[in-house]
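Undergrad: Provided below for reference: sequence and predicted model.
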Amino acid sequence: MRFISLTVKKGLFQDTFDFNAHVNIVHSEKNSVGKTTLLRFLMFSLGYPIPGTRGLNFARYEFEADVISANHKTYRIVRFGDIVTLIGEGDDLSFSLPSDLNALHKIIFGIQNDEVLENLLGAYYVDQEKGWTLLNRGKAIGSIHFSIEGLIRGLSGRSNDELAVRLSSVKRELQKYKHMLDVARYQAEINALGENIAYDAPIDEIDTAIDVLLSERKPIFDELERVKNVIRKNMSFKKYIDSFQLRVRSLTTDEEIPVNEDTIIGFRDDANYLATKRKMVEMRLAEIDNKIANLRRQQDKENTLFDVQTSIQAFDADVAKMNVDAVSTERIIRRLETERKSLEDAITRSVKSNNPIIGELHTLISAYANELGIDERYVRPSEDYIFTSDLKSLTGAIFHKIVFAFKMSYIKIIGRYTGVNLPLILDSPSGREVDKINIADMIAILVRDFSEHQIIIASINLYDFVSPNILEIKNQLLSF
Amino acid sequence: MVKSSNASSAAFGWDFQCNAAIMLMLKNITVASAVKVEGQTEDIEIALNSGNFVYSQAKAVFNPYDDYSNVISKLKSGLSTLSSAARHPNVEQLIYITNSPNPFNHPQTISAFSGELTSLNYNNLPESCKQEIENLCAAEKYNFDRQLFSVYVMQFHGDGENRYKVVKGLTNEFLASVGLSDLGLGKHLLDLWQGFFFANASQHDETLKITKEQMIWPLIVSICDLNTEDALLADYDEGDIDNIIRRYGAVINNNSERFEFVSKVLSGYNSYEPSMKSSAKTKSFIENNWFNYSNDFDVSTAERGVLEVIVKLAISNVIKRRDRIVRIKAGVNL
């Protein structure tokens, strides 16, 4: 795979950079004119999440990279923001980043294994900041990771074995439990501050209290209806008697007496009795209704209170209600951490066991290191050495050269196992304390072993290449 | 009832005024017809059957045993209002009522006012108290007939039961006077009465008027509830009666409150064995006549034995109510 050209557009303006199939040197006499930016433009145009340089927001530019894919097809990759369009050879495909990144790279690099694709950039691109300290695992640039285990797992077709699947599920679980623990800590915090009290609405208790009152209300209401009914009947009885206009005569005084509510013995008393009874029942009913109304008002208030809560208060209220056991969550996390560690060890072991790639990689690395004057004190003869995590003993020029040896070996082994000749994109290979002779050794390797690869180097040096394509940057990278 | 637990002096003062009104009504129950309570002026006005009035000024002190600082200013303000009230026609009494045991702020007179409820007319007041009244009246030009004037001191402090001790005692005395002391109705009745005052006045500056009928009828209703302790049904198991009341209470009440039924029962009762004494007569009347009234009951599901109890309870309820209404009306001169 190689670049033909890169066009950077903004509005009406555009600049195009052409690359030949072999050696390209992005050169300037001075530093800080845009060499690194051009290399990052190239990576960005391939869809990678590359950070901008010096306040340059890549998302504001449109990039058109003409490339020859690993399958020798010519494509134009157009990237604007997070949308990439791939044009050429009858294809016109659209990709949305970051989710479609691997799909895009499968076409460009012709590699189908996701783990290889995910670890590709760390092999062929050496950023001036992170790249020269990245040996076998860590960040290549921005948030793009590299892991030698992942690369080897991918290359040897062991990506989907049981251990890897289990590891990824343990990692997901671990993440969830860590979030849970955060919730528990948050809970503890809001409890300690007493901030949950106002929002811990006892709505259920109010509901229950209302239910109890409603069941008390029922017989009282029935009694009221009954009393009202008796009063109605007595009134119609009175009207019935009235309608006869009866008169009676006293046997003792001969007095004539009309028969009505005033003269019927006991009628007024009974009417008073019932009127009072009705009033008393009404009072009891009113008392209960009052209590119910108060509770309903309280309910409404708590509902509105809830409405006007800020989202953080609502969140606090929800969190406070959650039943999270911090102690057992911590215990689970410890257990999962242990499991993760042992799975990772097991994966490393399984990657290592009976895997010819390791031996081949070690041989390559040892040979290049040897060629660069690094002895066995640093690059140990054991095959396991390639998984080393002991970087502290490596300093300055030695570290730089070992990184170079590793990277070249990665590209070689990837080429061997996938048939893909990756470009080599090296930012400032002569940085740090690498002296002229060392540089010459590195260049010799590139010329000898990587003639089939496109090489793009950004540097203030021109090096000893035969007719390289020099992209000279005067004062600034872009003309607009 | 809705008793305010608000300790603010306004709520406390209103509580005192209402309970003083109940107390004055009970003291005058046979001659009174209504009571008016004016929150704003702290007036209690009792209308008497004769057409005369008892005017009272109620002044409460929140800490009656510790705080005498305002008693004189309260007395002065009370006298001022009573002096105006005295200009009304038909004044029978002018009462200054307080809960302070030291209403004149003369410590040596405290013992004269130390009872639960002390009432002293002008002539019986300690000399120093009379002098205080004379001084205040002379200074402020208050004018009223001293022979109509008396000072009441009613214990009223603390919370709950303790606060209402005096009115509760008076309520029980009243119940005893109408032959109902054994029913334990004192608290219930007081709650009802206090409920009238508080339920009717959420704002303390309102004017309340409660007639004697309004005070007495709830008592009658309360004592006429169906209950298992009815001696007339002593032959039955109390638990059975209880069950029947629970299940058929509405049916029994419907009949015993319907005037047609009431009238029929009372007519029959009045013409039954005029020579018998009332309790024996009631028992005998129910036993021998209950079946005549059973057609008024539509209790198709009830067994015959249950129907008998239902009818007997209804009849006894009618007679009991009549008896109590007559007795209490006579007792309070309603």
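TA: Nice, thanks for sending it over.
Undergrad: list the buried residues in the helix or strand harbouring residue A:172.
TA: Residue A:172 belongs to helix A:162-193 when assigned by DSSP states H and E. Judged by neighbour count using 16 or more other CB atoms under 10 Å in any protein chain shown, the buried positions of helix A:162-193 are A:163-164, A:167, A:170, A:174, A:177, A:180-181, A:183-184, A:186-187, A:190. Where C-beta positions appear, they are placed from N, C-alpha and C, glycine not excepted.
Undergrad: and what of stretch A:98-105?
TA: A:100-105.
Undergrad: any idea of the mean pLDDT in that stretch?
TA: The pLDDT scores in stretch A:98-105 average 89.
Undergrad: one more: stretch B:246-264?
TA: On average, stretch B:246-264 scores 90.
Undergrad: name the residues that touch that stretch?
TA: A:222-223, A:226-227, A:229-230, A:233-234, A:237-238, A:264, A:266-267, A:270, A:273-274, A:277, B:226, B:245, B:293, B:296-297, B:299, B:302, B:306, B:310, B:313-315, B:317-318, B:321-322 (CB atoms under 8 Å, 6 or more residues apart in numbering or on different chains).
Undergrad: check contacts around the residue of the stretch 351-480 of chain A found nearest chain B.
TA: Nearest to chain B, among the residues of the stretch 351-480 of chain A, is residue A:389, at 73.2 Å (CB to the nearest CB). Going by CB under 8 Å, 6+ apart, residue A:389 touches A:136-137.
Undergrad: quick check: it vs residue B:20, distance?
TA: Residue A:389 is 93 Å from residue B:20, where distance means CB to CB, to the nearest Å.
Undergrad: helix or strand for the residue in the stretch 101-250 of chain B positioned nearest to chain A, just tell me which one.
TA: Distances between the stretch 101-250 of chain B and chain A by CB to the nearest CB are smallest at residue B:217, namely 3.8 Å. Secondary structure assignment for residue B:217, by DSSP H and E: helix B:212-223.
Undergrad: report all helices and strands that the helix or strand bottoming out on mean pLDDT in chain B contacts.
TA: Least confident helix or strand of chain B, by mean pLDDT, DSSP states H and E, is helix B:186-200 with a mean of 76. If you count contacts as 3 or more CB pairs under 8 Å, 6 or more residues apart in numbering or on different chains; DSSP states H and E, helix B:186-200 packs onto helix A:267-308, helix B:9-27, helix B:165-177, strand B:207-211, helix B:212-223.
Undergrad: buried stuff in it?
TA: Buried residues in helix B:186-200 (16+ other CB under 10 Å): B:186, B:189-190, B:192-198.
Undergrad: residue contacts, residue B:26?
TA: Contacts of residue B:26 (CB under 8 Å, 6+ apart): B:167, B:170-171, B:173-174.
Undergrad: swap the cut-off to 10 Å and go again
TA: B:32, B:167, B:169-171, B:173-174, B:177, B:193, B:215, B:332 (CB atoms under 10 Å, 6 or more residues apart in numbering or on different chains).
Undergrad: what of residue B:92?
TA: B:28, B:31, B:46, B:48, B:50-55, B:148.
Undergrad: buried ones among these?
TA: B:28, B:31, B:46, B:48, B:53-55, B:148.
Undergrad: mind pulling up the pLDDT for the residue in the stretch 1-150 of chain A that chain B sits nearest to?
TA: Closest residue of the stretch 1-150 of chain A to chain B, CB to the nearest CB: residue A:143 (64.6 Å). You'll see residue A:143 listed with a pLDDT of 84.
Undergrad: do I have it right that it meets residue A:49?
TA: Yes. In terms of CB atoms under 10 Å, residue A:143 counts as a neighbour of residue A:49; the distance is 6.3 Å.
Undergrad: more neighbours: which of the two?
TA: Shown here are residue A:143 and residue A:49; by other CB atoms under 10 Å in any protein chain shown, residue A:49 has more neighbours (15 against 11).
Undergrad: which of the helices or strands spans the more buried one?
TA: Secondary-structure assignment from DSSP H and E places residue A:49 in no helical or strand segment.
Undergrad: low-confidence stretches in the stretch 51-200 of chain A?
TA: A:160-161, A:192-200 (pLDDT under 70).
Undergrad: sweet, I'm off.
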